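1. Need a 3D model of the following:
(one chain, ligands or ions: 2)
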Amino acid sequence: MNSTFEAIADGIAEHGFAVTDQFLSPAEVSAILALPEFQEWLDHFKKAAIGKKQTLHINEAVRGDYIHWVDNNEAPHQLKVYLDRLDQLVQYLNRSLFLSLKDFEVHLTVYPTGSFYKRHLDQFSRDDHRKLSVICYLNEDWDDQHGGQLRMFLPEKVVELLPASGRLVCFRSDMIEHEVLPATRPRLSITGWILDQHGALKHL
Ligand code: OGA
Ligand code: MN
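-> Numbers count the residues shown, from 1 in each chain. Ligands and ions are numbered 1, 2, ... in the order given. Predicted coordinates for the structure are as follows:
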């Protein structure tokens, strides 16, 4: 993993973002997809009868995703694998980039077919403690025809990424505007932020 972490640190330092394939292995992704939250969401969407406790569906004109916040201390073992790896990444970034990142918060995310998230910045106010956005995608056999790209607006160009299984994207929350394009099938991910203070989810 150290060469992966090094590539992420270099990408963030040089370009404000980094993309890593196989941050999670296919087996690790399958185990996470089997979590009841994802399975229940997918069942609900199939039946087109949506709406579930702990599911927020905020302002559909801007974003159409369903989210489920993860308690880092109570996470099931399938997710713990991911959280432990993020923790190692945070420690690596602190050492190599002289940052003082302290904590992270993540939610499980589903974008139902056709939904999107309009262009935005993840850090919205001056006292926001979100420093890095980290998203790991969980979509097996995803290709161009499915859409759902993450489109990032960099100073010199626009970059589009498919939400391919096991892929991690990490970017500066204060700097990189981005949007999620609509997809032809449900689009699953773990979305999170690395914070410069302790107390994930405290501000919510
Ligand atoms: C977000 C977001 C991007 C993605 O949740 O803030 O921009 O690719 N997600 O899921
Ligand atoms: Mn975002």
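2. quick one: residue 137 and residue 120, what's the gap?
-> According to CB to CB, to the nearest Å, residue 137 stands 18 Å off from residue 120. Every residue, glycine included, has its C-beta placed from N, CA and C.
3. likewise residue 143?
-> Distance from residue 143 to residue 120, by CB to CB: 26 Å.
4. what about those two, which has more around it?
-> Comparing residue 143 with residue 120 by other CB atoms under 10 Å, the one with more neighbours is residue 120, at 13 against 9.
5. If I look at the more buried one, what pLDDT would I see?
-> Per-residue pLDDT puts residue 120 at 94.
6. OK, contacts around it?
-> Residues near residue 120 by CB atoms under 8 Å, 6 or more residues apart in numbering: 62, 177-179.
7. most surrounded residue in those residues?
-> If you rank the contacts of residue 120 by neighbour count (other CB under 10 Å), residue 178 sits at the top with 23 neighbours.
8. what's next to whatever helix or strand that residue lives in, contact-wise?
-> Here residue 178 is covered by strand 177-180, with elements defined by DSSP states H and E. With contact meaning CB under 8 Å, 6+ apart, strand 177-180 is reached by 63, 65, 111, 116-121, 148-153, 171, 187.
9. show me where pLDDT drops low in the protein?
-> For the chain, the stretches with pLDDT under 70 are 46-59, 126-127, 203-204.
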